[in-house]
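**Q** pasted the sequence and its predicted model underneath.
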Number of protein chains: 2
Amino acid sequence: MYLTQTLRRSAQRRKNDTVLICGEKSLNWSEFEQRCSRLAAGLVAAGLQADDRVAMLSHNCAEYFEFSFAVPWAGGVIVPLNNRLGSDELHYIMEDSGARMLIADSHFKGVIDGFLAKLPSLEQIIYFDPDNTDSDYETLIEQHQPLEDQQRGYEDIAGILYTSGTTGRPKGAVLSHRNLIANSMGSSLNFGFNEDTVYLHAAPLFHSSGASRVYSMIAAGTTNIILPTFDVPTLLASIEQHRVTSLLLVPTMINRLVHHEDLHKYDLSSLINIGYGASPMPQTVLKKALKELPEVAFCQAYGMTELSPAATFLEARYHVLEGPDAGRLASCGQAVFNADIRIVDEQGQPLADGEIGEIAVKGPMVMQGYWQNPQATAEAIRDGWMHTGDAAYRDDAGFFFMVDRIKDLVISGGENISSVEVENCIYQLEAVSECAVFGIPHVDWIESVHAEVVIKPGQHITEAEVISHCKSQMTSFKCPRSVVIREQALPVSGAGKIMKNELRKPYWQDNERKTD
Amino acid sequence: MYLTQTLRRSAQRRKNDTVLICGEKSLNWSEFEQRCSRLAAGLVAAGLQADDRVAMLSHNCAEYFEFSFAVPWAGGVIVPLNNRLGSDELHYIMEDSGARMLIADSHFKGVIDGFLAKLPSLEQIIYFDPDNTDSDYETLIEQHQPLEDQQRGYEDIAGILYTSGTTGRPKGAVLSHRNLIANSMGSSLNFGFNEDTVYLHAAPLFHSSGASRVYSMIAAGTTNIILPTFDVPTLLASIEQHRVTSLLLVPTMINRLVHHEDLHKYDLSSLINIGYGASPMPQTVLKKALKELPEVAFCQAYGMTELSPAATFLEARYHVLEGPDAGRLASCGQAVFNADIRIVDEQGQPLADGEIGEIAVKGPMVMQGYWQNPQATAEAIRDGWMHTGDAAYRDDAGFFFMVDRIKDLVISGGENISSVEVENCIYQLEAVSECAVFGIPHVDWIESVHAEVVIKPGQHITEAEVISHCKSQMTSFKCPRSVVIREQALPVSGAGKIMKNELRKPYWQDNERKTD
């Protein structure tokens, strides 16, 4: 159970077949294995020791695959960096992870120079240029004979993947070889990946969903098409040119794809399935996708970096608009092969079908913990159960339905109320441009439902109108008891999310709220 | 990564669907889960503690599935007993495993009474009758409320499965939850088992191949048809009646199936694949099977109890008689998903493609060791590599070709010679009824190829004729240098295998041969 074995096995089976295509560049399996083992030798020659962290900063490229296997081959640990971050954030992650080496696309030299001086722990930067073979990186590969596989595996650390929390510093999720291989086997089971698969990597390879797919695809022996960055025309042309069978997209990418004017100008008949996840899919987008691409099997995976990343899977057969399974389109699916999933209350006790609580996951996909952060680890993983922070209920066939982030649930009079559900109801009002629903202190019910509503310029609505609209649509206990109508926008985070913790603060000054 | 999670997950998804059919008996998933958790409670009430061994003696039956999950649910370890063994051998295994409890079909009471008095470690026998609900077993299930799953998993021991060596006492292969789950995921990947699969259990459930399929099928959520014992007409009728899609057979079963006069009187159109393994498949049988059942995907798995059990897999696409892949029908396949497989020399060093050596396997399927037998464990597992004792070579696409048991290889003048290949050549001679080829001491070559040949009654052949026939068919160095023509049969083991070690002895009295 080690990642390098999956490469050696696939390379032995597929030798002269193509494994990677990125623009004009193409590699076969023997070349790819050779390059990984030579790069591994180069890293060791440069001083890499067991468990040393090696970071990577680039767009999607063939070198990302080489990094992903050369580092464990040499006994090291990968740290993929989000290429959208600025120098300060990158500096934080480099310092926190203690990376001794950095492999980087030379186009990122500017941002790297921004933190280099403040980073004594970084000993070596190996630059490459995806469009040019004259580089430190290529020299390293040329000058070294293949290293013997160090055969790191099982509980050895394979990677540290940083999560981008809405509050606080990013935390490094420590993923073992076992974690990533459990995900690889699971995704092959769910999607049927095999040597006939032609997979297009459009989502960023530094995210857990993209990074884990690198390992899944090499293990499954697929052909891999890599898009450096996402744009719809290139995506469509690549599917047609390479007869792509499978890809993973985030909902915003699917949205742009299915609404693109040239969608039907390309031959997309090779497509078998499209996986999606990472953020909730608006039902209207999904319905449009099913209508525009009726031959494609859409499948949803829910998860998070800490779960390597998949925990649930919604099969293609449940992506239907009619019939007995139609309601399941709103679900994020059922537990994947090795996942034990519970809905638990605040004390971690399992709840019954239909009750809303926190999703907790146990199994070989649960990360080892947060890098050098025992306190955050202890809060997240309790008795082997990863507490996701996501609120959901489970139906009687084991389908999970997400309702909210746990910290955004309103717990009023013993009822768990989804703030998202109330917000969706308020958004039906024409005059509303933004809203946020959260709990405020209540002497009897502990919390009561409160809404902050931003009205569109020139429009008008009253507190009573908001409440009465909600009462006409929802059970009484879910309706806001208080509403603030405001004209200024709600506070948002860097990632564009409404910061409810900021909105909550004034109401809770004298009451500590546990989940913030 | 624990076996009980796979049951709970499938039961949650499939609730009222049928999971087990054995004769007139049928259980749905909710009932099955209930019965397992109640039986687990009964075992704990009867004194079962963590890691205690519980043995099982019966024909194939629904109770075997309950045993397989109730015992780990309660925190125990399964010890499936070969129901073809006599009292003495069963006594040895019961004593060696230290089983405190035995679940048994009451039809086996006679054989159990034969060893009961000599077995103080056995505290409890729970009898059941597959055809009658009036039993200790059913009372135990009725009288107990479901136990909370003890959630044993990962490296915890799930079972001890005894191997039947041709020499010496049986050894208990210690298999962990991880071992068996690695196999379950692998078999679902290879065979495509899922909730649409209707699987027929015809091979004995006490063997590693049958026992591991119990876990694979429950994890994959299949419908399971159980045949108490194997006979071809019942097999054919069951396939037709239950629309069976998949089954596993040993070569002798396939031989009887494809030659049965009623083969085409049944509707076998539901069959998708038939796996086979456990012993080498004669090419004539395989070719007959492909001809008689052209719509069925035949797939081969090679392995052994110590590998939980599968290590290689030959896909259906290589089961062809013509075209570029035709030669692969003689292979036992390529490494399964998580298996790292090498051909190694006597020092454990990897050999190149095409060279004959011992198959060594590393990965999550390698057993923890032999039960309470550190010496045998140290001989078998070296540096994480399970040394299988099987001799093979690998071609340049990673297909493995078995040639012999390692200890039966003749190593002469630096060449590894397959005794099986030489025997097959000698068997071409009309006059030969039996033969055995092995190495005898040679002053220069270390060993020379020797044959013991039994002639058919009334036939005649000379030593020179045997040698000259071989020289006409094979490279010179493989041909016997000495032949003994004999009229009496060769010595065979209880399992019907020719005991070459007995034949070798007189030649090696003054020379110690390492591998015996």
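**A** Structure's in. What do you need?

**Q** what residues does chain A have near chain B?
**A** Listed as neighbours of chain B in chain A under the rule CB under 8 Å from any CB of the partner chain: A:1-2, A:5-6, A:8-9, A:12-13, A:15, A:151, A:154, A:181-182, A:185-186, A:188-189, A:192, A:219, A:334-335, A:337-340, A:362-364, A:396-398. Where you see a C-beta, it was placed from the backbone N, CA and C, and this is true even at glycine.

**Q** what subset of those is buried?
**A** For these, a burial check counting by 16 or more other CB atoms under 10 Å in any protein chain shown picks out A:1-2, A:5-6, A:8-9, A:12-13, A:15, A:151, A:181-182, A:185-186, A:188-189, A:192, A:219, A:334-335, A:337-340, A:362-364, A:398.

**Q** now what about whatever helix or strand residue A:471 lives in, what contacts it?
**A** Under the criterion of DSSP states H and E, residue A:471 resides in helix A:463-473. Residues from elsewhere that reach helix A:463-473 (CB atoms under 8 Å, 6 or more residues apart in numbering or on different chains): A:422, A:425-426, A:428-429, A:451, A:453, A:478-485.

**Q** can you name the element that comes right after it?
**A** Next helix or strand after helix A:463-473 toward the C-terminus (DSSP H and E): strand A:482-486.

**Q** give the rounded mean pLDDT of the following helix or strand past that next one.
**A** Next helix or strand after strand A:482-486 toward the C-terminus (DSSP H and E): helix A:500-504. Helix A:500-504 carries an average pLDDT of 88.

**Q** then stretch A:121-129?
**A** Predicted confidence along stretch A:121-129 averages 95 (mean pLDDT).

**Q** list the buried residues for that stretch?
**A** Residues of stretch A:121-129 classed as buried by neighbour count (16+ other CB under 10 Å): A:122, A:125-129.

**Q** need phi/psi at whichever residue of the stretch 301-450 of chain A sits closest to chain B.
**A** When distances are taken as CB to the nearest CB, the stretch 301-450 of chain A reaches nearest to chain B at residue A:398, 3.9 Å away. Dihedral angles phi and psi of residue A:398 (degrees, to the nearest 10) take the values phi 80, psi 20.

**Q** these two touch, right, it and residue A:332?
**A** No - if you go by CB atoms under 8 Å, residue A:398 and residue A:332 don't touch, sitting 11.8 Å apart.

**Q** picking up where we left off before, so which of the buried ones among the residues of chain A next to chain B belong to strands?
**A** Counted as lying in strands by DSSP state E, out of these, are A:334-335, A:340, A:362.

**Q** show me the contacts for the residue nearest to residue A:500 when sequence neighbours are not counted.
**A** Sequence neighbours aside, residue A:438 is the residue nearest to residue A:500 in space, at 5.1 Å (criterion: CB to CB, 6 or more residues apart in numbering or on different chains). Applying CB under 8 Å, 6+ apart to residue A:438 gives the contacts A:408, A:410, A:419, A:450, A:500, A:503-504.

**Q** I'd like those residues laid out as a markdown table, including neighbour count.
**A** Formatted as a markdown table, the contacts of residue A:438 follow (neighbours: other CB atoms under 10 Å in any protein chain shown):
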| residue | neighbour count |
| --- | --- |
| A:408 | 22 |
| A:410 | 24 |
| A:419 | 25 |
| A:450 | 24 |
| A:500 | 21 |
| A:503 | 18 |
| A:504 | 21 |
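
**Q** any idea which helix or strand carries residue A:401?
**A** With elements taken from DSSP H and E, the one containing residue A:401 is strand A:400-405.

**Q** can you show me the CA trace of that strand as CSV?
**A** Extracted in CSV, the C-alpha atoms of strand A:400-405 (Å, rounded to 0.1, in the frame of the first residue of the first chain):
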residue,chain,number,x,y,z
PHE,A,400,-27.1,12.2,3.0
PHE,A,401,-28.7,15.6,2.5
MET,A,402,-26.5,18.6,3.4
VAL,A,403,-28.3,21.4,5.1
ASP,A,404,-25.7,23.8,6.4
ARG,A,405,-22.3,24.3,8.1
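
**Q** ok, residue A:131 - contacts?
**A** Contact analysis of residue A:131 by CB under 8 Å, 6+ apart lists residue A:23.

**Q** can you pull the buried residues of the host helix or strand of residue A:437?
**A** In the assignment (DSSP H and E), residue A:437 maps to strand A:432-442. Residues of strand A:432-442 classed as buried by neighbour count (16+ other CB under 10 Å): A:432, A:434-440.

**Q** closest to residue B:110 among those residues?
**A** Distances from residue B:110 to those, taken as CB to CB, are shortest for residue A:439 (69.9 Å).

**Q** my read is that that closest one contacts residue A:422, right?
**A** No - using CB under 8 Å, residue A:439 is not in contact with residue A:422, being 10.7 Å away.

**Q** overlap of the contact sets of the two?
**A** Listed as contacting both residue A:439 and residue A:422 by CB under 8 Å, 6+ apart are A:410, A:449.

**Q** among the buried residues of stretch A:121-129, name the ones in strands.
**A** With strands taken from DSSP E, the overlap with the buried residues of stretch A:121-129 comprises A:125-128.

**Q** nearest to chain B among those residues?
**A** residue A:126 (28.6 Å).

**Q** ok, now which ones touch that closest one?
**A** Counted by CB under 8 Å, 6+ apart, residue A:126 has contacts A:46, A:101-104, A:136-137, A:140.

**Q** just to revisit the earlier point, would you format the buried residues of stretch A:121-129 as JSON lines with distance to residue B:324 included?
**A** As requested, the buried residues of stretch A:121-129 are exported to JSON lines (distance: CB to CB, whole Å):
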{"residue": "A:122", "distance to residue B:324": "51"}
{"residue": "A:125", "distance to residue B:324": "47"}
{"residue": "A:126", "distance to residue B:324": "42"}
{"residue": "A:127", "distance to residue B:324": "44"}
{"residue": "A:128", "distance to residue B:324": "38"}
{"residue": "A:129", "distance to residue B:324": "40"}
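
**Q** so who does residue A:421 touch?
**A** Applying CB under 8 Å, 6+ apart, the residues near residue A:421 are A:403-404, A:474, A:478.

**Q** closest one of these to residue A:270?
**A** Within these, the smallest distance to residue A:270 is 37.1 Å, found for residue A:403 (CB to CB).
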